[in-house]
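Undergrad: only geometry, no sequence info:
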């Protein structure tokens, strides 16, 4: 087993130092080493988006990211959005539009939806649908999710 | 990481991070070509003013690549080294006559070589890259402005799908006559394929219906796809024929 590497990065606004195995994914580090279980393990191969986190401000799949590759960078997870105003509006809209059923995909969708709202797509449903291509939901059929995101995106 | 997750490859005992090497990042003009760093992501390709101006076909391919989350980390160098016959950026790079810039430091001395991309792929997952080399960049010649460029990808769903077939076309267009025609196909052979018979059927010709049909038939004859769960070989041939006609109709 290779030796652990010490890495330092910004996690949800604060500095973090952690020792990780070089083969470990950022998702495993978040969930198992750091105990942040809001980021979900869905497919483990970048198809489902349940593990979406923000890396230097851009949404990425934490399951495909090496933990060591977080060194020196800025990571934001769903826990870090607790007091984020845009994410708060997205969450409220998901509740109001019934865009949540089992809820497993929801943290990933909220992460992705927040970045879409901040890209100022407006209520263009096609653009929103393209923006959530990397997030799978097996319950809702997407329509209510798109409704919820569109309501926030157009309420500027 | 994805290959390892799927159990197709095991991690080497030593893993080397390349992210902090500045020469592997960024898009810059270097004389008559664009140098696209191997670590340039799909998102960065789409956002690069130079790529948008000179290689819009790469922007088209990057836009149809996987999903937003994947585009933010997937690199052009990674796509090239993965050497999938269906790799989305490989078909445009073939159609653009790109070169692969390889570097190595065998005895403490940095050495480099450039390989035309058409010679780089040796089979699914196999390339000319030696074990001690890394791909540093892709070099794309800057052609005359206003060329026709189009990437077409056929899959069963719009996102996160590996293409059943893909087509790339680059050509000069003067008064309706095509020249310096490059046609490339993805997922129809063990490596991304230059369509030389198709190119010959188009070179120096006015794009009439008959010329388009001849070229599409040549394309159907020169691809050699396999049957797999994504599509049958027959379907792929028919789609190469039909979709090339569609692409060429846009060039008229």
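TA: Thanks, I have it. Bear in mind the structure is a predicted one, so any value in this text is a computation, not a measurement.
Undergrad: give the contact list for the residue of chain A found nearest chain B.
TA: Distances between chain A and chain B by C-beta to the nearest C-beta are smallest at residue A:134, namely 2.6 Å. C-beta here means a position set from N, CA and C on the backbone, and glycine is covered the same way. Residues in contact with residue A:134 (C-beta atoms under 8 Å, 6 or more residues apart in numbering or on different chains) are A:46-47, A:49, A:52, A:59, A:61, A:112, B:66-70, B:159-160.
Undergrad: which residue sits closest to it in space, ignoring its chain neighbours?
TA: Leaving aside its sequence neighbours, residue A:134 sits nearest to residue B:67 (C-beta to C-beta, 6 or more residues apart in numbering or on different chains; 2.6 Å).
Undergrad: re earlier: which one of the contacts of residue A:134 is nearest to residue B:123?
TA: Distance to residue B:123, by C-beta to C-beta, is smallest for residue B:66 among those, at 22.9 Å.
Undergrad: Number of residues surrounding the closest one?
TA: Residues near residue B:66, counting by other C-beta atoms under 10 Å in any protein chain shown, number 22.
Undergrad: List the beta-bridge partners for the residue lying closest to residue B:134 once chain neighbours are set aside.
TA: Leaving aside its sequence neighbours, residue B:134 sits nearest to residue B:103 (C-beta to C-beta, 6+ apart; 6.0 Å). Bridge pairing for residue B:103 (DSSP bridges) gives the partners residue B:112, residue B:134.
Undergrad: so where is the chain shaky, pLDDT-wise?
TA: Picking chain A for this. A:1-2, A:156 (pLDDT under 70).
Undergrad: Actually, chain B is the one I wanted.
TA: Using pLDDT under 70, chain B drops low at B:156-159.
Undergrad: mind listing what whatever residue of it ends up closest to chain A touches?
TA: Using C-beta to the nearest C-beta, the closest approach of chain B to chain A is made by residue B:67 at 2.6 Å. Neighbouring residues of residue B:67 by C-beta under 8 Å, 6+ apart: A:46, A:49, A:133, A:134, A:135, B:159, B:160.
Undergrad: Show the residue spans covered by the helices in the chain.
TA: Defaulting to chain A. In chain A, the helices defined using DSSP state H lie at A:26-28, A:85-96, A:106-118, A:125-131, A:143-154.
Undergrad: not what I meant, chain B
TA: So, for chain B - with DSSP H - the helices run B:2-5, B:42-47, B:49-54, B:56-63, B:68-71, B:76-82, B:90-95, B:117-120, B:196-202, B:209-222, B:233-249.
Undergrad: Next, count neighbours for the closest residue to residue B:203 other than its chain neighbours.
TA: By the measure of C-beta to C-beta, 6+ apart, the closest residue to residue B:203 outside its immediate chain neighbours is residue B:181, 5.0 Å from it. Each residue near residue B:181 was counted by other C-beta under 10 Å, and the total is 24.
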